[in-house]
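In: Sequence and predicted model, in that order:
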Amino acid sequence: MTGRAVVTSRSTNDGENWPAAVASLAVGAAFFALWFWLLPSWLGFHVDTAGAARWRWIAVVPSVLGFAVALRCVWDFGRTGHGTPAPMAPPTRLVVVGFYRYVRNPMYLGFILGWAGLWVVFGRANVAVLVAALVIVLFVVSFVLLYEEPTLRKMFGAEYEEYCKNVRRWAPHMHAWRPQGALR
């Protein structure tokens, strides 16, 4: 087992986590901005308020919830993990708080739910866009399997292995995992 502690509650010295949390939010905001700038044009986003299209606005709810989950995960990376979601400034502590206690990849799932909701509200489905979306999802899954998980195993060792045994990669558990030795 590594000497790193699993943290599932707030640190006693909240002041020292703020710089990492702010940096993480800045990286997260830049990531959100990049995707909002790049994707809408090729996804064919448009606003149509005629007829049945009015019902499409219901999809705003899962979209907002999905992006809120992703934003909370970005916050947890900085606040608890003392790093950012960016590979060049990764967390120095394993993040096992919030949504990460239910599923290993809540940030990706939040983004997918958020974009799917926006697509329902604004998008026009066609084969090319569906294929591109599938390619993006396959790229994300490959990135997780081939880069992210091996990197986390090297960084956190047995602590990450225990986490993987208890928390599924893509399907959330109904109840939060509570690691042994957790502060709460």
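Out: Okay, I see it.
In: distance of W115 from P179?
Out: Taking Cβ to Cβ, to the nearest Å as the measure, W115 falls 31 Å from P179. Backbone N, C-alpha and C define where each C-beta goes, glycine included.
In: of those two, who's got more company?
Out: Between W115 and P179, counting by other Cβ atoms under 10 Å, W115 is the more crowded of the two (21 against 18).
In: So what does that one look like in phi/psi?
Out: When quoted as degrees, to the nearest 10, the phi and psi of W115 stand at phi -70, psi -40.
In: so what's C73 closest to, chain neighbours aside?
Out: Excluding its sequence neighbours, the residue lying closest to C73 (Cβ to Cβ, 6 or more residues apart in numbering) is M107, at 3.9 Å.
In: Excluding chain neighbours, give the residue nearest to V103 in space.
Out: Counting by Cβ to Cβ, 6+ apart, P172 is the residue found nearest to V103 once chain neighbours are left out, at 4.0 Å.
In: and the one you found, what does it touch?
Out: Listed by Cβ atoms under 8 Å, 6 or more residues apart in numbering, the contact partners of P172 are 99, 102-103, 106, 109.
In: Could you look up the SS state of it?
Out: Reducing the assignment to helix, strand or coil with DSSP: H, G, I helix; E, B strand; the rest coil, the entry for P172 is coil.
In: what's the distance between it and G117?
Out: P172 sits 17 Å away from G117, going by Cβ to Cβ.
In: The residue nearest to C73 - how many residues pack around it?
Out: Residues contacting M107 under the criterion other Cβ under 10 Å number 23.
In: The host helix or strand of it - contacts with which helices or strands?
Out: Here M107, judged by DSSP states H and E, is contained in helix 106-122. Using 3 or more Cβ pairs under 8 Å, 6 or more residues apart in numbering; DSSP states H and E as the contact definition, the elements that helix 106-122 packs against are helix 18-43, helix 60-79, helix 127-143.
In: where does this protein have low pLDDT?
Out: In the prediction, the chain carries residues with pLDDT under 70 at positions 1-25, 27-29, 31-54, 123-125, 181-184.
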